[in-house]
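**Student:** After the sequence you'll find the predicted model.
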Amino acid sequence: MIKQLIGLRAPVLTGVFVCAVLLLGGCATPQVAMLDARWPTELPAQVELADVPFFPQEDYECGPAALAMVATAAGVDVTPDALVDQVYLPGRKGSLQPEMLAATRRQGLLAYPLKPRVEDILREVAAGHPVLVFQNLAFSIYPVWHYAVVMGFDRERHVLLLHSGRTARMEISMFAFERTWARGQYWAMLALKPGQLPATAEPQAYSAAAATLERTDARGAQQAFAAALQRWPDDRAALLGAGNTAYALGQRDAAAKAYRQAVLKHPDFADGWNNLAQVLLELDRRQEASQAIARAVALGGERLPAYLALQAKIYNK
């Protein structure tokens, strides 16, 4: 994730000018060249997500507009105006990427950053997921930062379809896109309903996204972890997350069951033993709690002081 503030340095370009900029130059780029050489057999040659809504982007406000597009496509009825205060910084005339992720979660959606691979963007679009991307439409000495939404591609013609600026369904050379995306440090994200898995999902990244959602929407995070466990039933982070979300929702028995499964699958998981001990204590199962916390203490680690504190609490109850 890019840490610095990201803002447009110039007003949103007109559709004609953007097209001219992005279509200049046909030199091959590494990722697209590799796709040309070996196109994945399971990836269709042409996809267009015609149902992705389009919101014209006002000057400097491409972030709210792009986010409203992917959120609405995911089933949340929201307008760019409703998102401006959440993501737009007037002083910088642009939007922070961390705020784009946070605003997605405020809509009850899972925000999932993608790996820096053009192929992953294509796979997500082929799966029906529009992708919010960050580009520099100009050059490093005079950057024009810009958010857009990829909603289609055509292999034979080497183009991506983007909702971008004030132009719906803009055709962009794949080579030009890779260059502008690279200048934006390859940042891209999905906005998905909780429980919906990205086509390119990986267990660690997906569980991290679900855990972040838990801060604002424990029930949505619970759905996300349930989906993760359908795909990766033994994943440690997903098992812990399932327990944590159940605990946050006051479902102590379900939390104990998830934590128990976590430590059965991963007996060296000190945090799992600690959390199991906590919920067993609250269920008034003190002997089982004592056994669980003893395992956490024996395993130790950087959170050993917290384990010892819980052990003392159990013994003194």
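**Tutor:** Looks like it arrived, so ask away.
**Student:** Confirm that Gln135 sits in a strand.
**Tutor:** Yes: assessed by DSSP: H, G, I helix; E, B strand; the rest coil, Gln135 belongs to a strand.
**Student:** Not counting sequence-adjacent ones, nearest residue to it?
**Tutor:** Of all residues not flanking Gln135 in the chain, Thr180 sits nearest, at 4.1 Å (C-beta to C-beta, 6 or more residues apart in numbering). Backbone N, C-alpha and C define where each C-beta goes, glycine included.
**Student:** for whatever helix or strand that neighbour lives in, the distance to its chain's centre please.
**Tutor:** Using DSSP states H and E, Thr180 maps to helix 174-183. On the basis of C-alpha atoms, centre = their mean, to the nearest Å, helix 174-183 sits 21 Å off its chain's mean C-alpha point.
**Student:** What of stretch 155-170?
**Tutor:** Stretch 155-170 sits 22 Å away from the centroid of its parent chain (C-alpha atoms, centre = their mean).
**Student:** Quick one: mean pLDDT over that stretch.
**Tutor:** Averaging pLDDT along stretch 155-170 yields 96.
**Student:** do stretch 81-101 as well
**Tutor:** The model assigns stretch 81-101 a mean pLDDT of 74.
**Student:** in this protein, which residue is closest to the centre?
**Tutor:** Centroid-nearest residue in the chain, with C-alpha atoms, centre = their mean: Tyr112, separated by 1.1 Å.
**Student:** What residue spans form the domains of this protein?
**Tutor:** Domains of the chain are assigned by the TED database as 30-192, 203-316.
**Student:** In three-state terms, label the residue nearest to the centre of the chain for me.
**Tutor:** Per three-state DSSP, Tyr112 ends up strand.
**Student:** how near is the residue nearest to Gln135 to Ala201?
**Tutor:** Thr180 sits 26 Å away from Ala201 when distances are taken as C-beta to C-beta, to the nearest Å.
**Student:** The stretch 1-150 of the chain: helices as residue ranges?
**Tutor:** Ranges of helices in the stretch 1-150 of the chain, per DSSP state H, counting those that start in this stretch, are 15-23, 30-37, 62-73, 80-87, 97-106, 118-126.
**Student:** if we can go back for a sec, hang on, isn't the residue nearest to the centre of the chain packed against Leu190?
**Tutor:** Yes: using C-beta atoms under 8 Å, Tyr112 is in contact with Leu190, at 4.5 Å.
**Student:** Overlap in contacts, the two.
**Tutor:** Residues touching both Tyr112 and Leu190 (C-beta atoms under 8 Å, 6 or more residues apart in numbering): Pro198.
**Student:** Can you tell me the element Ala208 falls in?
**Tutor:** Assigned by DSSP H and E, Ala208 belongs to helix 203-213.
**Student:** Could you identify the helix or strand that succeeds that helix?
**Tutor:** That would be, after helix 203-213 and using DSSP H and E, helix 218-231.
**Student:** what inclination does that next one have with respect to helix 97-106?
**Tutor:** Angle, helix 218-231 to helix 97-106, by axes from the mean of the first three to the mean of the last three C-alpha atoms, to 10 degrees: 90 degrees.
**Student:** Skip ahead from helix 218-231 and say which helix or strand is next.
**Tutor:** The element immediately downstream of helix 218-231 (helix or strand, assigned by DSSP H and E) is helix 236-248.
**Student:** so what does the helix or strand that that following helix is followed by touch, helix or strand wise?
**Tutor:** The helix or strand immediately downstream of helix 236-248 is helix 252-265, counting by DSSP H and E. Packing partners of helix 252-265 (3 or more C-beta pairs under 8 Å, 6 or more residues apart in numbering; DSSP states H and E): helix 236-248, helix 270-282.
**Student:** Give me the contact list for the first one.
**Tutor:** Helix 236-248 is contacted by residues 203-204, 206-208, 210-211, 214, 218-219, 221-222, 224-226, 228-229, 232, 252, 254-259, 261-262, 265-266, 269, 271-272, 275-276, 279 when judged by C-beta under 8 Å, 6+ apart.
**Student:** The last one now?
**Tutor:** Outside of helix 270-282, the residues that reach it under the criterion C-beta under 8 Å, 6+ apart are 236, 239-240, 243-244, 247, 252, 255-256, 259-260, 262-263, 266, 286, 288-290, 292-293, 295-296, 299-301, 303, 306-307, 310-311, 313-314, 317.
**Student:** Phi, psi for the closest residue to Lys317 other than its chain neighbours please.
**Tutor:** Nearest residue to Lys317 in three dimensions, chain neighbours excluded: Arg286, at 6.4 Å (C-beta to C-beta, 6+ apart). Per-residue torsions, Arg286: phi -70, psi -40 (degrees, to the nearest 10).
**Student:** try Ala191
**Tutor:** Dihedral angles of Ala191 (phi, psi; degrees, to the nearest 10) stand at phi -120, psi 110.
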